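Engineer: Show me how the following folds:
(one chain, ligands or ions: 1)
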Amino acid sequence: MTDTYRHKGQRKQLAEIVAKKGISNEAVLKAIESIPRHLFIPDTALHKYAYEDKPFPIGSGQTISQPYTVAFQTEVLEIEKRDKVLEIGTGSGYQTAVLLEVGAKVFSIERQRALFDRTKDFLPSIGYNTKLFYGDGYAGLPAYAPFDKIIVTAGAPYIPKDLLAQLKVGGIMVIPVGEDGDQIMKKITKKSEDSFEIEDLGAFRFVPLLKEKAND
Ligand code: SAH
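Structural biologist: Take a look at the predicted model:
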């Protein structure tokens, strides 16, 4: 699989589309412009569409998120260099790559074995080295907590308590909350060990955050 001038031109346009939709963080836009999104999509027949602002199937019934959504969630996190970020739902690794490009240290969890195995090999193959875990995102990673930022990339029926506990005071979590492909994006700021500010940032559509590890 290769990256061409054509792909580079297409993703420059994608960054412009995402900017027009309201994303202004320069580092985030630069990440969209530099990451070869087509390589994250396993079905090569879809590569010609990879720089449209749309989600695409990545196998195991999952999708690579829409670039605007990835950019939106990343912008909400206000990433500073070397922030420790917990990501729930590694999937294709595209969001992981965006977080790495904007300077975060990323710890990412995926519950589907097949996706975990593929992305664990794929990300280093294009130069992204980070900590990937096969496990249940509802539990987070207590051994590596606390985190400066937490991002959930699947629709959660509720805000998992374990994740709130693993957020640093002053930290930010972004999570789409709601059932059946209809979620409200929430920005949660941890004010003290037991108080949180929650802001609603509008409607989005995600695949569901599932319970238990998958056995495939
Ligand atoms: N960030 C991904 C989006 C993938 S879609 C990308 O850019 O490609 C959401 C992902 O969350 C899927 O890969 C799905 O398998 C995973 N997921 C669902 N429930 C989970 C859970 N409880 N723990 C960890 N990952 C989960």
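
Engineer: Just give the nearest non-adjacent residue to the residue nearest in space to the middle of the chain, would you?
Structural biologist: The C-alpha lying nearest the average C-alpha coordinate of the chain belongs to Gln95 (CA atoms, centre = their mean; 3.6 Å). Distance criterion CB to CB, 6 or more residues apart in numbering; nearest residue to Gln95, sequence neighbours excluded, is Val70 at 5.0 Å. Quick note: C-beta positions are derived from backbone N, CA and C, even for glycine.

Engineer: Tyr51 now?
Structural biologist: Per CB to CB, 6+ apart, closest to Tyr51 is Gln10, 3.7 Å.

Engineer: Quick one: residues in contact with the helix or strand hosting Asp148.
Structural biologist: Using DSSP states H and E, Asp148 maps to strand 147-152. With CB atoms under 8 Å, 6 or more residues apart in numbering as the contact definition, strand 147-152 has outside contacts at 73-74, 77-80, 83-89, 95, 99, 104, 107, 137, 140, 163, 166-168, 171-176, 209.

Engineer: Buried ones from these, can you make that a PyMOL selection?
Structural biologist: The buried residues among the contacts of strand 147-152 can be selected in PyMOL (16 or more other CB atoms under 10 Å) with this line:
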select buried, resi 73+74+77+79+83+84+85+86+87+88+89+95+99+104+107+137+140+163+166+167+171+172+173+174+175+176+209
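
Engineer: filter the contacts of strand 147-152 down to the ones close to the ligand.
Structural biologist: Contacts with the ligand within those, as defined by CB under 6 Å from any ligand atom: 88-89, 95, 137, 209.

Engineer: For those, give me a markdown table that also has secondary structure.
Structural biologist: What follows is these, written out as a markdown table (DSSP: H, G, I helix; E, B strand; the rest coil):
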| residue | secondary structure |
| --- | --- |
| Ile88 | strand |
| Gly89 | coil |
| Gln95 | helix |
| Gly137 | helix |
| Leu209 | coil |
